[in-house]
Every structure is written in structure tokens, then in C-alpha cells.
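J.: Below: sequence and its predicted model.
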Amino acid sequence: MAELFREEQPHLQPLPASGFAFFRQSVRTVDDAGLVQVEGLYYAALPAAPHGEVTVRAFAQSIEILDARGQLLRRHPKATRKGAFVLEGTDRIFNPSRETTRMLARMDKIGPRTAASRASSSPASAARASARSTASCNCRADTPVPTSRQSARSCSPPTASPTRR
């Protein structure tokens, strides 16, 4: 046994100063906000593309996000509160389509009249509404269309002209 040890001794290396860092690895999909969800917490994954897949390593105190080649994209301290978002202001992606969807959903919850106004929010319907407001307040076609506050003061419904005998 001693002979085998002497034979292998030149190839032996010292043990690392710290123990091996254990982690749980999984593949996650980046959502449209540029975040990945890990154990009920959300972490910024930029520069990973939205709807792309990344590898996530969950250590005891931190999270690592890697791209498809295994290159480290981000390292975050592990959040402690469920549902927390770990991202900086510069990591927030402006997504007008997502914001529009949220606003339209809120309009639907308000009531039927608000939902009906949603249908009339297209540019063509805005032009029709402008034409209706001009016609309803009996303004001349060559004058600018008044705002709603101005129209209450300056445009009144047409009055019947006195008849002459």
C-alpha cells in the first residue's frame, strides 16, 4: 500500500479551502418581462431574450443564471420573501403591449360603457367622433373643433329662428 501511495503522491493536489457549493440546477423560460421564476421568486435574466430558455443554479445564498453555452449571465443574492422581484430599474423592460392588455382588462372591469368606449378608440372612430361633435354643436367646418369644456360654453344647440309674418 505504501508503494502505491509513493507512486501517486506527485500527482495529488491539496484540497480546496472551502467545501463544494451544492446547487439545484433547472431550465427556466424567460418571461416577457425578462424575468425567471425560481421557487416562487422572480429574478432578472437580462441579457437573455424573452421567451428563451436559461439554466438556473440555485445555491444556498444565491442564484446564477446561465445561457445555453453555460456562460454566466447574472448572479443574484437569493431573495427571502415569496413573490419578491430581484431586479434593478435598468432591468425593467418597457412592454407597451403588456401594459395595453392590463389597461384594457381594467376598462372591462369598470363597466359596459367603458368597454364600449374601447371599441371606439381606433383612429377611424376618433375621426367619426370628431365629426359628430362638430355636427352636434353646430360649429362651422372651417373652425377648429372645440374641446369638451369649450364646447359646453361656445357651442349650443341650434335654436329655432323667429318666423316673420
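T.: Sure thing, it's come through.
J.: who's in contact with H76?
T.: Contact analysis of H76 by CB atoms under 8 Å, 6 or more residues apart in numbering lists Y43, A44, S62, I63, I65, V86. Glycine gets a C-beta too; all of them are placed from N, C-alpha and C.
J.: buried sites along the helix or strand hosting it?
T.: If you go by DSSP states H and E, H76 is part of strand 72-77. Under the neighbour-count criterion of 16 or more other CB atoms under 10 Å, strand 72-77 has L73, R74, H76 buried.
J.: For V30, state which of those residues is nearest.
T.: Nearest to V30 out of these is L73 (CB to CB; 9.9 Å).
J.: and the closest residue to that closest one other than its chain neighbours, how many neighbours?
T.: Take L73 and drop its neighbours on the chain: the residue closest to it by CB to CB, 6 or more residues apart in numbering is I65, 4.8 Å away. Using other CB atoms under 10 Å, I65 has 22 other residues around it.
J.: now swap in A49 and tell me
T.: So A49, with other CB under 10 Å, has 12 neighbours.
J.: SS state for it?
T.: coil (DSSP: H, G, I helix; E, B strand; the rest coil).
J.: what do you get for I93?
T.: coil.
J.: residues in contact with it?
T.: D32, A33, G34, L46, P50.
J.: got it, and V54?
T.: V27, R28, T29, V30, V36, A45, A48, I65, L66, D67, A68, L73.
J.: What values do phi and psi take at the fourth one?
T.: Read that as V30. phi -70, psi 130 (degrees, to the nearest 10).
J.: what's around it, how many residues?
T.: 21.
J.: From what I see, it and A49 are in contact.
T.: Yes. Between V30 and A49 a contact is recorded at 6.7 Å, counting by CB atoms under 8 Å.
J.: Next one: T29 from V54, what distance?
T.: 8 Å (CB to CB, to the nearest Å).
J.: right, I mislabeled it, should have said A116
T.: For A116 relative to V54 (CB to CB), the value is 43 Å.
J.: what mean pLDDT does stretch 84-99 have?
T.: For stretch 84-99, the mean per-residue pLDDT is 72.
J.: quick check, T55 in a strand?
T.: Yes. Counting by three-state DSSP, T55 falls inside a strand.
J.: okay, now the residue nearest to it when sequence neighbours are not counted: neighbour count?
T.: Closest residue in space to T55, ignoring its immediate chain neighbours: L66 at 4.3 Å, by CB to CB, 6+ apart. Residues near L66, counting by other CB under 10 Å, number 19.
J.: now swap in P47 and tell me
T.: P47: 10 neighbours (other CB under 10 Å).
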